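Undergrad: Okay, predicted coordinates and the sequence, questions at the end:
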Amino acid sequence: MKILNLHGYHALAENSSYYALKACGYDVISPQIDYDKESPRNLIIKLTELYQSEHCEAVVGSSMGGYFAQAVSSMKGCPAVLINPCITPHIFFAKAGVTDKGVLAEYLRYTRNFEFMNSFHTGLAHAIIGLKDDVLDTHNYIITMLGKENCELVPDGGHPGSTLPLEYIFRMHEKWFTTKPDIELDNGFPYVP
């Protein structure tokens, strides 16, 4: 099985989830992404096209990569595993000092878009959450949206994937990578406003 792996903000393509997926025997496509140089719209288009051209069957995203993994999942109707996902990048970037209102507004527009968040409502998305994450504070929302049964909560896990037992979790939840939607997806995908 081929999996698209999306790293976090200012992180490396060959991150903790990359190595954990490889150890589990998956074929992993893990592009290096410069989140500062690409608009959300362009990244969503490029990552969706990469997913399709590489014949991937699932997507994994860490932190900011979780935001884009959610988008790919919603548009391709594929399983997603979100690791400490950043689902409010407009807030994250504002706190980090980004002042480009156009970029912040574009992230906000995608976050508010129902089609973009579609995999939250179809059973396609699952999350791995470090309960001692000191970077993001939106994990309660994710747990509520996905349901505790679709989340692996790591009591001593922090934000970095290296603080999480990813290989163990991936092996324990292999079914996450082959999940089918609970509802029929809208044939209008891909949709990039």
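TA: Looks like it came in fine.
Undergrad: Which stretches in this protein count as strands?
TA: 2-6, 27-29, 58-62, 80-83, 125-130, 151-154 (DSSP state E).
Undergrad: what would those strands look like in CSV with mean pLDDT?
TA: Output for those, formatted as CSV (pLDDT from 0 to 100):
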stretch, mean pLDDT
strand 2-6, 98
strand 27-29, 98
strand 58-62, 97
strand 80-83, 96
strand 125-130, 95
strand 151-154, 96
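Undergrad: will you turn these into a markdown table that also has mean neighbour count and distance to residue 12?
TA: In short, each C-beta sits where N, CA and C put it, glycine included. Below are those laid out as a markdown table (neighbours: other C-beta atoms under 10 Å; distance: least, C-beta to C-beta, whole Å):
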| stretch | mean neighbour count | distance to residue 12 |
| --- | --- | --- |
| strand 2-6 | 26 | 11 |
| strand 27-29 | 17 | 13 |
| strand 58-62 | 29 | 11 |
| strand 80-83 | 30 | 14 |
| strand 125-130 | 25 | 18 |
| strand 151-154 | 18 | 21 |
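Undergrad: Select, out of those strands, the one closest to residue 89.
TA: strand 58-62 (11.9 Å; C-beta to C-beta).
Undergrad: strand partners of that closest one, parallel vs antiparallel please.
TA: Looking at strand 58-62 with DSSP bridges, its partner strands are strand 2-6 (parallel), strand 80-83 (parallel).
Undergrad: May I have that strand exported as PDB, CA atoms only?
TA: Taking C-alpha atoms only, strand 58-62 is exported to PDB below (Å, rounded to 0.1, in the frame of the first residue of the first chain):
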ATOM      1  CA  ALA A  58      -4.300   6.800   2.200                       C
ATOM      2  CA  VAL A  59      -2.800  10.000   3.600                       C
ATOM      3  CA  VAL A  60      -1.000  10.800   6.900                       C
ATOM      4  CA  GLY A  61      -0.400  14.300   8.100                       C
ATOM      5  CA  SER A  62       1.500  15.700  11.100                       C
END
